[in-house]
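Enquirer: next come a sequence and a model predicted from it.
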2 protein chains.
Amino acid sequence: MTHRIAPTALYQEVAERLRQRIFAHELPPGTWIDEQKLAEQYGISRTPLREALKVLASEGLVTLKPRRGCYVTEISADDLDDIFPLMALLEGRCAAEAVRRATRADVEALAAIHETLEESAREGRIEAFFEANQLFHRRIQELAGNRWTLSVIQDLRKVLKLSRLHSLSLEGRLQQSLDEHRAILAAIRAGQPAAAETAMHDHLLSGREALAKMQHDTHPKAA
Amino acid sequence: MTHRIAPTALYQEVAERLRQRIFAHELPPGTWIDEQKLAEQYGISRTPLREALKVLASEGLVTLKPRRGCYVTEISADDLDDIFPLMALLEGRCAAEAVRRATRADVEALAAIHETLEESAREGRIEAFFEANQLFHRRIQELAGNRWTLSVIQDLRKVLKLSRLHSLSLEGRLQQSLDEHRAILAAIRAGQPAAAETAMHDHLLSGREALAKMQHDTHPKAA
DNA sequence: GTTTATAATACTGCATCCATAATTATGCAA
DNA sequence: TTGCATAATTATGGATGCAGTATTATAAAC
């Protein structure tokens, strides 16, 4: 059997590898993408690399300046002010819809994810915490059952990951985030769509506030 | 001055031309994109064409099947069931926010757009009606002042344009659509965010209903 | 020493070419 | 005639090469 299960094209693999490097801030915002060097690094030609960059540009992770090269996108404070309320709206709606559609078993599965979140927090395993956090949010979006909403939220989340402060701020308010998650889960367990929606909504906005605080601390207006 | 104002790359122009052909249903959903033929048609090589296809794929207008070519995306009834409520949520929120932020002059400018909509309807100028309709919605989104929300909505609108039924249904319920627009404008004029939100929300869902009806008429379950 | 003009360098964008995999056509056997 | 195996064709994906433009370096003038 020479059939490949997943016949992914080279440009897709390259796009994924670049995504990881961007998320890991190995390629921080503003960085110029040297096509020749990267192609050489990966042992490929510039053609698939350029195609990968087109994909990343559509995702908003890089910005293509015609005839002037490709740069990792820099998102501004204004962008964050736009994105967080949007995420709050969308994820909030997902939470409400999830309550309406989730079965008893679904809720228990979600509770299990939340439990690993609690564990990770107790044991101080940041990486595991991030992962469980992502999974918790994603699972709720899946329960809501709207694939397009899910897709939009995931795309926005990618853009947020551009900001290093984003993960740092989450790290700094681990306990608060945990409390907010508890409130969301409680509302879902109680079968209260409206409560779940506001809890999720506030959770996201609270994330924005923490980030604003960090920005203020990092770049204080009055030194 | 040899400076070009808009140094757009070839692949961008090609992407735009393909977009128009897809929206015009000259390339209907499901159509196979023959790279060689198209490249020849446009008098270019396959390289920029393939880069354009990557962009369109990220927008959801075409679907790339590795090693099996590129096809114009076919959206299902399920997709529409997902997209319309999402649009209703987003555009509804925009309407509410627009009310809060719009100046007196902004509202009058919006009213002017609505007036061309009325005129176009009276004179039966379908094309002009479509354009004014788009402009009306877009203007509200711009007034809301969230560029990321605007971007998401515009992207979703592109996908909707894949469906031929979408424009047909709008054509069929021109008067109703006009009434709904009047309600939206009235709420904005009155400075009532909540009313504007529900009016816009219902307007979108009403669009979905009309479309469902058309689908039913076109593909009746019991012939 | 600073500024401007010019030359050299380097990179982007596109075209062409080639290898591999998928599809279609052909022939053979049942 | 139908089904399967094999060969021919065709299209996709990637590599390489080249022209044009932006950037940088260098030199000259003020």
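Expert: Everything's here; your move.

Enquirer: switch to C-alpha atoms for all contacts and neighbour counts from now on
Expert: Fine.

Enquirer: check whether stretch A:19-31 comes near chain B.
Expert: No: contact of stretch A:19-31 with chain B is not found when judged by Cα under 8 Å from any Cα of the partner chain; the minimum separation is 14.8 Å.

Enquirer: and that stretch, how far out from the chain middle?
Expert: 14 Å (Cα atoms, centre = their mean, to the nearest Å).

Enquirer: cool, stretch A:159-169 as well?
Expert: 9 Å.

Enquirer: mean confidence for that stretch?
Expert: Averaged across stretch A:159-169, pLDDT comes to 89.

Enquirer: that one near chain B anywhere?
Expert: No: figure legend: stretch A:159-169 not in contact with chain B (Cα under 8 Å from any Cα); closest approach 10.8 Å.

Enquirer: buried sites along that stretch?
Expert: Within stretch A:159-169, the residues that qualify as buried are A:159-163, A:165-166, A:169, counting by 16 or more other Cα atoms under 10 Å in any protein chain shown.

Enquirer: helix or strand next in line after the least confident helix or strand in chain A by mean pLDDT, which one?
Expert: Confidence across the helices and strands of chain A bottoms out at helix A:164-172, with a mean of 85, counting by mean pLDDT, DSSP states H and E. Using DSSP states H and E, the next helix or strand after helix A:164-172 towards the C-terminus is helix A:174-189.

Enquirer: contacting residues for the most centrally placed residue in chain A?
Expert: Centroid-nearest residue in chain A: residue A:157, 3.1 Å away (criterion: Cα atoms, centre = their mean). By Cα atoms under 8 Å, 6 or more residues apart in numbering or on different chains, the contact list for residue A:157 is empty.

Enquirer: which element is it on?
Expert: helix A:147-160.

Enquirer: could you give the number of residues near the nearest residue to residue A:197 once chain neighbours are set aside?
Expert: Spatially, and ignoring its direct neighbours in sequence, residue A:197 is nearest to residue A:92 (4.3 Å; Cα to Cα, 6 or more residues apart in numbering or on different chains). Around residue A:92 there are 27 other residues, counting by other Cα atoms under 10 Å in any protein chain shown.

Enquirer: one more: the one 3 residues further on?
Expert: For residue A:95, the tally of surrounding residues (other Cα under 10 Å) stands at 31.

Enquirer: residue A:125 now?
Expert: 12.

Enquirer: still on that earlier bit, list the buried residues of the helix holding residue A:157.
Expert: So for helix A:147-160, counting by 16+ other Cα under 10 Å, buried means A:147-150, A:152-153, A:156, A:158-160.

Enquirer: how about these in a markdown table, adding distance to residue B:15?
Expert: Below are the buried residues of helix A:147-160 laid out as a markdown table (distance: Cα to Cα, whole Å):
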| residue | distance to residue B:15 |
| --- | --- |
| A:147 | 26 |
| A:148 | 23 |
| A:149 | 25 |
| A:150 | 26 |
| A:152 | 22 |
| A:153 | 25 |
| A:156 | 23 |
| A:158 | 24 |
| A:159 | 23 |
| A:160 | 27 |
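
Enquirer: hmm, the strand or helix carrying residue A:64 touching DNA strand C?
Expert: Assigned by DSSP H and E, residue A:64 falls within strand A:62-65. Yes: Strand A:62-65 lies within reach of DNA strand C by Cα under 7 Å from any atom of the strand, at A:64-65.

Enquirer: where exactly do the strands run in chain A?
Expert: Using DSSP state E, the strands of chain A run over residues A:32-33, A:62-65, A:69-72.

Enquirer: take these and lay them out in CSV including distance to residue A:118, mean neighbour count and mean pLDDT.
Expert: Listed next are these as CSV, based on distance: least, Cα to Cα, whole Å; neighbours: other Cα atoms under 10 Å in any protein chain shown; pLDDT from 0 to 100:
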stretch, distance to residue A:118, mean neighbour count, mean pLDDT
strand A:32-33, 39, 16, 96
strand A:62-65, 35, 19, 96
strand A:69-72, 34, 19, 96
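
Enquirer: go through those strands and name the closest to residue B:8.
Expert: strand A:62-65 (9.2 Å; Cα to Cα).

Enquirer: on that earlier part again, among the strands of chain A, which comes closest to chain B?
Expert: strand A:62-65 (9.1 Å; Cα to the nearest Cα).

Enquirer: contacts for the closest one?
Expert: Counting by Cα under 8 Å, 6+ apart, A:53, A:56-57, A:70-73 sit against strand A:62-65.

Enquirer: what angle separates the helix holding residue A:157 from helix A:164-172?
Expert: For helix A:147-160 against helix A:164-172, the angle by axes from the mean of the first three to the mean of the last three Cα atoms, to 10 degrees is 100 degrees.

Enquirer: now helix A:147-160 - C-alpha only, PDB.
Expert: What follows is helix A:147-160, C-alpha atoms only, in PDB (Å, rounded to 0.1, in the frame of the first residue of the first chain):
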ATOM      1  CA  ARG A 147     -18.700  25.200  11.900                       C
ATOM      2  CA  TRP A 148     -18.400  28.600  10.400                       C
ATOM      3  CA  THR A 149     -18.500  30.400  13.800                       C
ATOM      4  CA  LEU A 150     -15.900  27.900  15.000                       C
ATOM      5  CA  SER A 151     -13.700  28.600  11.900                       C
ATOM      6  CA  VAL A 152     -13.900  32.400  12.400                       C
ATOM      7  CA  ILE A 153     -13.000  32.100  16.100                       C
ATOM      8  CA  GLN A 154     -10.100  29.900  15.400                       C
ATOM      9  CA  ASP A 155      -8.800  32.300  12.800                       C
ATOM     10  CA  LEU A 156      -9.000  35.200  15.200                       C
ATOM     11  CA  ARG A 157      -7.300  33.100  17.900                       C
ATOM     12  CA  LYS A 158      -4.400  32.600  15.500                       C
ATOM     13  CA  VAL A 159      -4.000  36.300  15.100                       C
ATOM     14  CA  LEU A 160      -4.100  36.800  18.900                       C
END
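
Enquirer: buried residues in stretch A:89-107, which are they?
Expert: Buried residues in stretch A:89-107 (16+ other Cα under 10 Å): A:89-99, A:102, A:106-107.

Enquirer: so how far is it from its chain's centroid?
Expert: Distance, centroid of stretch A:89-107 to centroid of chain: 19 Å (Cα atoms, centre = their mean).

Enquirer: residue A:205 is in contact with residue A:85, correct?
Expert: Yes: counting by Cα atoms under 8 Å, residue A:85 touches residue A:205, with 6.6 Å between them.
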